[in-house]
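Q: Provided below for reference: sequence and predicted model.
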Amino acid sequence: MSDQQLPPRQQPTPQRGRSRSKDAKGAGRLSALRGGSLGKDNPLSAPTLRWGLLAVAVGAVVAALITLLLSGFDSGRVEAHNPGGAQPTGAVAGAAFGTAKQGDCLSWSKSNASDLVKVDCGSKHLFEVTADVDLSKYPGKEFGPGSRFPDSLRFSELRDEHCVSAAQSYLGGKFDPRGKFVVGLINPGEAGWKAGERTLRCGLQVTGSQGTATHPISGSVQGTNQSKVYDTGTCIGIARSLPTDPIDCTSPHAFEIVSTVDLSGQFPSGPPSKDDQDRFMEDQCAKDSTDYLGSPDTLRNKTLTLFWDFLDARSWLSGSKSLNCMVGKGADQSGFATITGSARGDILVDGQAPVPPPNNGRSTPQPLPGAAPPVIPQPR
């Protein structure tokens with residue numbers, strides 16, 4: 001229903017640039033965003049893992065674009081897989097759709113949103129309208145009477161043309177493009193189109209990894225913290241070694257949220273640099289993970305890594321000032337290892353019980369050509 005594809009900054013793709021990881025012995029090192037600890041039998045340098053994960057993400061985007069060109073379907077914005085917005089969803093034009101205006105909140109239960117209704121924005125909803133677009137005012141015959149129902153690619157172009165600017169205007173210029181909300185568009189559906197409806201609704205929504213608006217919003221988006229964070233204890237699923245959506249921790253997943261950190265108190269004067277964020281988050285996440293897991297040795301004993309994302313200046317100035325601390329494990333250059341079970345209990349890593357490394361320190365991996373020597377943790 002959204003051009004952006006209704007249903008339709010984690011992650012997650014690896015979400016966002018880089019993160020700082022810290023092993024159980026306390027030595028900080030740079031790793032790929034949302035990347036986990038390296039396998040102890042075949043560890044890679046942080047830059048190598050970071051670029052490896054980036055290559056995986058780029059490959060996924062290229063594959064999605066090829067599929068789009070061949071099949072005519074639009075891909076949605078995702079933490080790991082989806083590069084754009086929400087997937088287009090059509091609604092049979094009705095009273096709710098036909099009268100929806102800026103500031104209205106909409107919801108539905110059917111996959112095609114044919115049961116779309118208006119709801120109070122204080123209750124859970126899937127879409128908040130930011131603007132309407134009357135295609136009947138377009139010059140030419142493309143959207144005129146009897147015209148063909150546009151395909152999802154054309155609706156995506158209309159979304160990008162009209163709805164991104166509408167989101168910025170609606171939020172007073174403070175829309176975070178890397179935050180939790182995604183720009184979407186609802187079209188009238190093929191039946192509504194054939195009946196003569198030519199108005200589209202731009203809006204904001206929270207989407208899943210498949211580009212669908214499956215995550216309800218509570219309260220108006222205006223004035224809401226846009227930080228892309230999850231509640232403590234949430235586990236993020238995994239597919240093809242890349243993160244997907246929140247899932248029960250007893251199911252296979254990529255990583256687990258151990259805390260949410262508000263950086264605004266630490267950096268009151270303006271957007272902090274990545275290095276400043278890393279230094280602060282390294283200590284804060286180490287403390288939070290110990291509190292969450294019950295022991296500073298749990299990460300090491302379960303061969304997991306502590307990591308986090310970062311906030312760029314655009315997100316900061318838009319009001320997004322929170323980050324998650326997460327635990328997971330990298331799978332060399334292929335993305336994430338699969339973890340089953342909460343890190344607070346017994347876990348399996350790629351189907352096997354983790355084997356703690358020896359207490360006399362980590363083995364030094366052979367450096368890869370052109371890679372910086374690895375940082376060896378020093379016992380505290």
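A: Noted; the coordinates are in hand.
Q: next helix or strand past the longest strand anywhere in the chain?
A: In the chain, taking DSSP state E as the definition, the longest strand is strand 253-262. With elements assigned by DSSP states H and E, the helix or strand that comes after strand 253-262 is helix 274-293.
Q: compute the inter-axis angle for that next one and strand 253-262.
A: Helix 274-293 and strand 253-262 are oriented at 110 degrees to each other (axes from the mean of the first three to the mean of the last three C-alpha atoms, to 10 degrees).
Q: which strand or helix spans the residue lying closest to Phe255 once chain neighbours are set aside?
A: Setting aside the residues directly before and after it, Phe255 is nearest to Gly328 in space (C-beta to C-beta, 6 or more residues apart in numbering), at 3.1 Å. C-beta here means a position set from N, CA and C on the backbone, and glycine is covered the same way. With secondary structure defined by DSSP H and E, Gly328 is part of strand 322-328.
Q: quick one: contacts of that strand?
A: Applying C-beta atoms under 8 Å, 6 or more residues apart in numbering, the external contacts of strand 322-328 come out as 10, 34-36, 225, 227, 229-230, 254-263, 277, 281, 284-285, 288-289, 293, 299, 304-311, 336-337, 339, 343.
Q: per-residue confidence averaged over the next helix-or-strand element following that strand?
A: Using DSSP H and E, the helix or strand that follows strand 322-328 towards the C-terminus is strand 339-340. The average pLDDT for strand 339-340 rounds to 97.
Q: same thing with stretch 221-231?
A: 92.
Q: same deal with stretch 206-214?
A: The average pLDDT within stretch 206-214 is 77.
Q: also stretch 309-323?
A: The model assigns stretch 309-323 a mean pLDDT of 94.
Q: likewise stretch 123-132?
A: Across stretch 123-132, pLDDT averages out at 95.
Q: CA atoms only: put that stretch into CSV for me.
A: Extracted in CSV, the C-alpha atoms of stretch 123-132 (Å, rounded to 0.1, in the frame of the first residue of the first chain):
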residue,chain,number,x,y,z
SER,A,123,-3.2,3.9,19.3
LYS,A,124,-1.1,1.4,17.3
HIS,A,125,-1.1,2.1,13.6
LEU,A,126,1.0,1.2,10.5
PHE,A,127,1.1,4.5,8.6
GLU,A,128,1.0,8.2,9.3
VAL,A,129,0.0,10.4,6.4
THR,A,130,2.4,13.3,5.5
ALA,A,131,0.8,14.5,2.2
ASP,A,132,-1.5,13.5,-0.6
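Q: what are the buried residues along it?
A: Buried residues in stretch 123-132, counted by 16 or more other C-beta atoms under 10 Å: 125-132.
Q: show me the contact partners of that stretch.
A: By C-beta under 8 Å, 6+ apart, stretch 123-132 touches 1-2, 6-7, 100-108, 119, 121, 162-163, 166-167, 169-170, 184, 186, 199-205, 213-214, 216-218, 220-221.
Q: how about the strands in the stretch 101-250 of the chain?
A: Remark: strands assigned in the stretch 101-250 of the chain by DSSP state E, counting those that start in this stretch are 105-107, 117-119, 124-125, 127-134, 182-187, 199-205, 217-218, 235-239, 242-247.
Q: can you list the low-confidence ranges for this protein?
A: For the chain, the stretches with pLDDT under 70 are 1-93, 213-214, 333, 360-380.
Q: in this protein, which spans are helices?
A: For the chain, the helices defined by DSSP state H cover 46-71, 95-99, 152-158, 164-170, 189-194, 274-293, 298-301, 313-317.
Q: show me the contacts for the nearest residue to Thr338 once chain neighbours are set aside.
A: Spatial nearest neighbour of Thr338, chain neighbours left out: Pro252 (4.7 Å); criterion: C-beta to C-beta, 6+ apart. Pro252 makes contact with 237-238, 338-340, according to C-beta under 8 Å, 6+ apart.
Q: now those residues as a markdown table including distance to Phe267 and neighbour count?
A: Listed next are those as a markdown table, based on distance: C-beta to C-beta, whole Å; neighbours: other C-beta atoms under 10 Å:
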| residue | distance to Phe267 | neighbour count |
| --- | --- | --- |
| Gly237 | 32 | 21 |
| Ile238 | 32 | 24 |
| Thr338 | 35 | 20 |
| Ile339 | 32 | 27 |
| Thr340 | 37 | 16 |
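Q: buried among the contacts of stretch 123-132? Make that a PyMOL selection.
A: In PyMOL syntax, the buried subset of those is picked out as below (16+ other C-beta under 10 Å):
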select buried, resi 1+2+6+7+100+104+105+106+107+108+119+121+162+163+166+167+170+184+186+199+200+201+202+203+204+205+213+214+217+221
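Q: what is the burial count for the closest residue to Asp245 other than its chain neighbours?
A: Using C-beta to C-beta, 6+ apart and skipping residues adjacent in sequence, the residue nearest Asp245 is Gly208, 4.6 Å away. Gly208 has 22 neighbours, counted by other C-beta atoms under 10 Å.
Q: relative to Lys180, how far out is Gly208?
A: Gly208 sits 12 Å away from Lys180, going by C-beta to C-beta, to the nearest Å.
Q: how about Tyr292, nearest residue that isn't a chain neighbour?
A: Val258 (4.1 Å).
Q: ok, that neighbour - how many residues close by?
A: Neighbourhood size, Val258 [other C-beta under 10 Å]: 24.
Q: how much space separates it from Pro188?
A: When distance is defined by C-beta to C-beta, Val258 is 44 Å away from Pro188.
Q: likewise Gln205?
A: For Gln205 relative to Pro188 (C-beta to C-beta), the value is 17 Å.
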